[in-house]
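[1] Sharing a model that was predicted from the sequence below.
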Amino acid sequence: MSNLAWITATPPTPNGPLHLGHMAGPYLAGDVLRRFLAADGVDVRYTTGLDDHQSYVPVRGLKDGGLKGQEVADQYGESIEEVWSRAHADFDTVVRPRRTVGYLAHVQDFFEVLYDAGHIVARTRPLPYCTGCERWLYEAYVKGDCPHCGSASNGNACEPCGRPNDCADLRDPVCTGCGAPAELRDCERLYFPLAPFADQLQDFWQRVDMPPHLRALCERMLHGGLPEIAVSHPSDWGVPVPVEGFRDQRVYVWFEMAPGYLIEWEQCDTGHQAPGPVQFFGFDNGYFHAVLNPAAFLAHSAHAPLPRAFVVNEFYRLEGLKFSTSRGHAIWARDELARTSADVLRYHVLSDRPNGRQTNFTPAALERSRRHLDEAWDGWLRTLLTTVAEDCGGVVPRERPRGAAWNRLEERLTRLVDELREAYGVEGYDTRRAVALLDEVVALATDFGHVHSHERDRPEGAAAHRSAVVAQLAVATGLAAWAAPILPAASARLSELLGVAAGRRVDAAAMAAPPAGTPLAVPDKAVFGG
């Protein structure tokens with residue numbers, strides 16, 4: 001493994017607060033990988049941005065009584081960054097398009113390089129127009145039925161099937177502002193043809209690690225003929241197009257994202273060329289990351305840092321429907337973090353992460369997760385540390401783990417940690433599996449403690465009893481390292497409680513009891529389930 005790694009999470013649109021669907025998707029998942037790799041000694045950077053220039057931002061302003069786009073982006077951008085911090089999603093860089101120095105020039109330079117090389121061309125094609133609002137309709141400003149799957153869709157891309165559209169090919173397009181049917185008018189815009197990159201994209205898709213659902217999308221697009229993508233729109237919101245004759249248009253925000261990712265790396269100030277990133281995003285963003293952005297990188301440079309892996313989540317549902325900021329169908333992460341600790345929330349949404357399939361959030365299931373952490377995880381720790389206090393004078397005994405039962409437990413946990421490393425790693429990344437394995441650690445330790453608690457009842461069993469206590473302390477010390485990518489704050493508390501360093505590598509060597517004589521206190525509050 002290279003000792004330099006780059007992880008990205010797709011920039012969220014600041015048209016509303018983050019909801020639990022976002023948290024179950026890219027942002028906490030990318031943080032888990034970052035923490036795992038960092039504990040392995042990898043020099044890792046985790047980056048994202050805020051997608052200020054999405055048309056959904058000014059559209060939200062219209063719905064909120066006429067707020068300007070910049071007011072909406074600033075208000076919700078601050079809220080999003082606060083939620084990341086409270087949930088312990090720790091980014092090395094967060095690019096703010098309207099604040100990051102050099103952002104505008106970088107995007108325009110990238111665009112100009114492609115235009116000058118002939119990769120971006122002018123086309124006159126129909127585009128929906130609202131006569132009542134006197135506005136060209138694209139992306140968030142227009143809705144209709146997807147020309148590919150028939151689902152309700154906004155312009156430029158369909159969330160359910162993931163495929164792009166050209167706005168005019170939507171069936172029965174209407175203005176989202178006033179609801180009036182749109183009329184089609186010819187509009188000259190700039191387009192980026194994808195077909196010239198078909199062979200290079202196929203080669204890239206063979207190399208990159210991605211799930212079958214996304215691979216199927218890529219192959220369907222290829223077999224249907226890769227389209228030309230409009231990369232400019234008549235608008236006053238976004239990055240001005242740096243091409244004569246189109247300066248009153250704005251760069252399509254998803255095309256802006258390609259150079260945006262490069263800016264994220266440059267902001268890390270590593271002094272190294274960007275490695276191929278591991279990119280976290282939802283399936284509805286799949287075409288942009290797997291087709292449009294790689295083609296833009298290939299057009300720009302032969303040395304572009306093409307991704308090495310895509311970690312893709314499906315939709316997280318609430319009451320059977322997709323979480324949606326624009327439709328207000330959500331449980332807002334900020335509100336939930338006021339009721340629920342970050343550790344409990346991380347545990348739940350990562351155990352329920354829609355990896356490979358859609359999953360469904362319910363408040364009752366979140367409460368079951370909280371109770372499980374309190375009763376199973378903290379219950380075992382309270383029992384163990386109370387035993388240390390009552391039977392061992394409040395310090396780690398001098399006895400070491402021994403006996404056939406310990407050998408079996410140690411062997412099982414060693415195999416289990418190998419599986420855990422696979423679940424945390426890029427190729428086998430699966431937080432649902434990781435949480436299940438951590439639960440198994442706690443269940444094994446609890447059973448071991450219960451079985452061996454009877455040693456204290458033997459007339460000559462005191463030493464065997466203390467040895468079993470130290471064996472459990474070894475597991476607890478291992479758990480403090482093994483659970484840290486999922487539950488960083490709780491694992492840090494457990495590490496401090498046991499007197500060991502936080503941030504240790506996820507491996508079997510972490511399973512080592514604190515030195516004999518180390519004082520241990522019974523915690524006065526929950527470690528995991530608070």
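    Nice, I can see it. Computed from a prediction, not measured in an experiment: that's the story for all the values here.
[2] Distance check, the residue nearest to residue 164 when sequence neighbours are not counted against residue 18.
    Of all residues not flanking residue 164 in the chain, residue 157 sits nearest, at 5.2 Å (Cβ to Cβ, 6 or more residues apart in numbering). C-betas here are computed from N, CA, C, even on glycine. Distance of residue 157 to residue 18, computed by Cβ to Cβ, to the nearest Å: 21 Å.
[3] Same check on residue 73?
    Distance of residue 73 to residue 18, computed by Cβ to Cβ: 14 Å.
[4] Need the CA coordinates for stretch 98-109. PDB is fine.
    Only the C-alpha atoms of stretch 98-109 are listed here, as PDB (Å, rounded to 0.1, in the frame of the first residue of the first chain):
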ATOM      1  CA  ARG A  98     -17.000  31.700  -3.100                       C
ATOM      2  CA  ARG A  99     -14.300  31.900  -0.400                       C
ATOM      3  CA  THR A 100     -11.400  29.700  -1.400                       C
ATOM      4  CA  VAL A 101      -8.700  31.900  -2.900                       C
ATOM      5  CA  GLY A 102      -8.100  31.100  -6.600                       C
ATOM      6  CA  TYR A 103     -11.100  28.900  -7.000                       C
ATOM      7  CA  LEU A 104     -12.800  30.900  -9.800                       C
ATOM      8  CA  ALA A 105      -9.600  31.300 -11.800                       C
ATOM      9  CA  HIS A 106      -8.800  27.600 -11.400                       C
ATOM     10  CA  VAL A 107     -12.200  26.400 -12.700                       C
ATOM     11  CA  GLN A 108     -12.100  28.900 -15.600                       C
ATOM     12  CA  ASP A 109      -8.600  27.800 -16.500                       C
END
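[5] What ranges does the stretch 201-350 of the chain have for its helices?
    Secondary structure of the stretch 201-350 of the chain (DSSP state H, counting those that start in this stretch): helices located at 212-223, 253-268, 286-287, 293-300, 333-339, 342-351.
[6] Please read the previous query as pertaining to the stretch 351-500 of the chain.
    363-372, 378-391, 404-424, 431-452, 462-482, 488-498.
[7] Tell me which of those helices sits nearest to residue 280.
    The minimum distance between residue 280 and the helices of the stretch 351-500 of the chain falls on helix 431-452, with 11.3 Å, by Cβ to Cβ.
[8] By mean pLDDT, flag the weakest helix or strand of this structure.
    When the helices and strands of the chain are scored by mean pLDDT, DSSP states H and E, strand 321-322 comes last with a mean of 84.
[9] So which residues make contact with that strand?
    When contacts are defined by Cβ atoms under 8 Å, 6 or more residues apart in numbering, strand 321-322 is touched by residues 21, 159, 315-316, 329.
[10] Out of the residues you listed, which end up buried?
    21, 159, 315-316 (16 or more other Cβ atoms under 10 Å).
[11] which one of those is nearest residue 249?
    Out of the buried ones among the contacts of strand 321-322, the member with the shortest distance to residue 249 (by Cβ to Cβ) is residue 159, at 24.7 Å.
[12] what sits against that closest one?
    So residue 159 contacts 151, 153, 284, 322 (Cβ under 8 Å, 6+ apart).
[13] Residue 520 reaches residue 393, doesn't it?
    No: with contact defined as Cβ atoms under 8 Å, residue 520 does not reach residue 393; the gap is 10.1 Å.
[14] The two: which has the busier surroundings?
    Taking neighbours as other Cβ atoms under 10 Å, residue 520 and residue 393 compare with residue 520 leading, 19 against 11.
[15] gap between the two ends of stretch 350-370?
    Taking Cα to Cα, to the nearest Å as the measure, stretch 350-370 stretches 13 Å from start to finish.
[16] quick one: average confidence on it?
    Here stretch 350-370 scores 95 as its mean pLDDT.
[17] how far is it from where the chain is centred?
    15 Å (Cα atoms, centre = their mean, to the nearest Å).
[18] Can you list the buried residues in that stretch?
    Applying 16+ other Cβ under 10 Å to stretch 350-370 flags 350-355, 359, 361, 366, 369-370 as buried.
[19] Same check on stretch 209-223?
    210-211, 214-215, 217-218, 221-222.
[20] Can you pull the domain assignment for the protein?
    Using automatic domain parsing, the domain ranges for the chain come out as 4-361, 363-510.
[21] Dump the ones you listed to a markdown table, plus distance to residue 525.
    Below are the domains of the chain laid out as a markdown table (distance: least, Cβ to Cβ, whole Å):
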| stretch | distance to residue 525 |
| --- | --- |
| domain 4-361 | 11 |
| domain 363-510 | 9 |
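[22] Point out where this protein drops to low pLDDT.
    Residue ranges of the chain with pLDDT under 70: 1-2.
[23] residues contacting the residue of it positioned farthest from its centre?
    Counting by Cα atoms, centre = their mean, the extreme residue of the chain relative to its mean C-alpha position is residue 459, 54.8 Å from that point. Going by Cβ under 8 Å, 6+ apart, residue 459 touches no other residue.
[24] Against residue 452, how distant is it?
    16 Å.
[25] what's the burial count for the closest residue to residue 416 other than its chain neighbours?
    Counting by Cβ to Cβ, 6+ apart, residue 416 lies nearest to residue 437, which is 5.7 Å off, once chain neighbours are set aside. The number of residues packed near residue 437 is 21, by other Cβ under 10 Å.
[26] Over to the one 5 residues further on?
    The number of residues packed around residue 442, counting by other Cβ under 10 Å, is 22.
[27] go on, residue 456?
    When neighbours are counted by other Cβ under 10 Å, residue 456 comes out with 16.
[28] In contact with it, which residues are there?
    391, 462, 465.
[29] Report the buried members of those.
    residue 465.
[30] How about residue 121: what's its closest non-neighbour residue?
    residue 191 (5.7 Å).
[31] Which residues does that neighbour form beta bridges with?
    As for beta bridges, residue 191 partners with residue 121, residue 230 under DSSP bridges.
[32] how about it, what does it touch?
    120-123, 228-231.
[33] Just the buried ones from those, in ChimeraX syntax?
    Listed next is the ChimeraX selection for buried residues among the contacts of residue 191, using 16+ other Cβ under 10 Å:
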select :120,229,230,231
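[34] ok so, going back, could I have the buried ones of the contacts of residue 159 as ChimeraX selection syntax?
    Entered in ChimeraX, the line below selects the buried ones among the contacts of residue 159, by 16+ other Cβ under 10 Å:
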select :153,284,322
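[35] coming back round to it: what strands flank the least confident helix or strand of the chain, and is each parallel or antiparallel?
    According to DSSP bridges, strand 321-322 has these partners: strand 316-318 (antiparallel).
[36] Identify the residues contacting the partner strand?
    Counting by Cβ under 8 Å, 6+ apart, residues outside strand 316-318 touching it are 20-21, 24-25, 322-323, 329-331, 349, 352-354, 358-361.
[37] Repeat that for stretch 352-370.
    By Cβ under 8 Å, 6+ apart, stretch 352-370 touches 20-21, 24-25, 29, 211, 213, 313-320, 323, 331, 336, 340, 344-345, 347-349, 351, 429-432, 529.
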